[in-house]
Structure formats: structure tokens, C-alpha cells
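Asker: A structural model of the following input is requested.
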Amino acid sequence: MLKRTYLPSDDRPIAVVIGSGFGGLAAAIRLSHKGYRVKVFEKLDKPGGRAYVYQRDGYTFDAGPTIITAPFLLEELWELCGEKLENDVDLRLMDPFYRIRFDDGSHFDYTGDLAEDLVSRSKQNASLTKTAVEEAVHAPLLEQNSVLAIEGEV
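Answerer: Got it, this is the predicted structure:
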């Protein structure tokens, strides 16, 4: 359990973080490292967000992430705290990262190499041409105007 330390003369600015999932905890660590006093608020009884573990009717359910695709971000957070990720967490390479199964019995393996994965999928599905795969790999996910529109609605 984390210890709370209150210093009466602490006049650092306070940052409030809503939610204690991976993103909220990462923001709290970074803000603390930058000199803020951080208060984290969570609606559930313990941290986790998508990585929350809960019990019901004698069963334990792990709602954790299916795969961590950017472990370097976790390593960076541990380094900010003067620690090493590998001393606390055992990450193992999965190959494939995960498999998506379709109703028709086919599947798509995600390995972390989008171009390779799409080419593999295109071999299973003749309607995907090499040009379509190349366009998909190099296409932006959202146009800038779409991002601005989404940001403006928040």
C-alpha cells in the first residue's frame, strides 16, 4: 500500500487525476515527477481501470489488458521512480500477440508487424490486394480535421 506523506509547509501545486487505470496512474507518476502534489480519485474500491480484478460468486475475473504492446512506456515510468521494471514485472513475448477468430472459421494473427499481418491476412482473403494492404499500412488513422472535431466535442 502506498504511504501518504503530508508536509504542512508543502506549497507545491496540486494536480487532480480522475481514474486509476494505466493512463491515470501514468499521469500521476509523471505529474509527481514534475513536482506536483497529486491526488488520484477512483470510483472503484481499488485501482486498475481496464486492468481491474474483481470477484463475484467465488470466481475471480481479470479484466486486465490482453497484451502490452509498448513496454518501453512502463520502463520509462519505473525509471522516473528510480526503479527497474524487470525487478517488479515479468513481461513475456507472445507470438502471436493475439488471434482474432471470425464466424467463417478463419482467423487473423496480430504479431506487432502490421504490414506483415495484413499481407498474411490478404493471402487468406483474395479480396485484399497488395495495393490495398500497402494503402492501409501507410494511411493515417484519422485526418487532422477529424481529430480537431473530436477534440472540440469533448
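
Asker: From now on I want contacts and neighbour counts done on CA atoms only, so please keep to that.
Answerer: Fine.

Asker: Would you mind splitting this structure into its domains for me?
Answerer: What automatic domain parsing lists as the domains of the chain is 14-87, 98-153.

Asker: Could you identify which of those domains is most buried?
Answerer: Among the domains of the chain, ranked by average contacts under mean count of other Cα atoms under 10 Å, first place goes to domain 14-87 (a mean of 14).

Asker: for the record, mean pLDDT for the helix or strand residue 55 falls within?
Answerer: Taking DSSP states H and E as the definition, residue 55 sits inside strand 53-56. Averaging pLDDT along strand 53-56 gives 88.

Asker: For it, name the packing helices and strands.
Answerer: With contacts taken as 3 or more Cα pairs under 8 Å, 6 or more residues apart in numbering; DSSP states H and E, strand 53-56 sits against strand 59-62.

Asker: And the contacts of the strand it packs on?
Answerer: With contacts defined as Cα atoms under 8 Å, 6 or more residues apart in numbering, strand 59-62 is touched by 51, 52, 53, 54, 55.

Asker: likewise stretch 23-31?
Answerer: Stretch 23-31 is contacted by residues 15, 17, 18, 19, 37, 38, 39, 40, 77, 80 when judged by Cα under 8 Å, 6+ apart.

Asker: Generate TSV for the contacts of strand 59-62, with distance to residue 101 as supplementary columns.
Answerer: Putting the contacts of strand 59-62 into TSV (distance: Cα to Cα, whole Å) gives the following:
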residue	distance to residue 101
51	23
52	25
53	25
54	27
55	28
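
Asker: mind listing the helices for this protein?
Answerer: Secondary structure of the chain (DSSP state H): helices at 22-33, 71-80, 114-124, 130-138, 144-153.

Asker: For the protein, which residues score under the pLDDT cut-off?
Answerer: 1-8, 66, 114-115, 118-154 (pLDDT under 70).

Asker: Now with 90, please.
Answerer: Along the chain, the model assigns pLDDT under 90 to residues 1-11, 44-46, 48-55, 61-70, 91-154.
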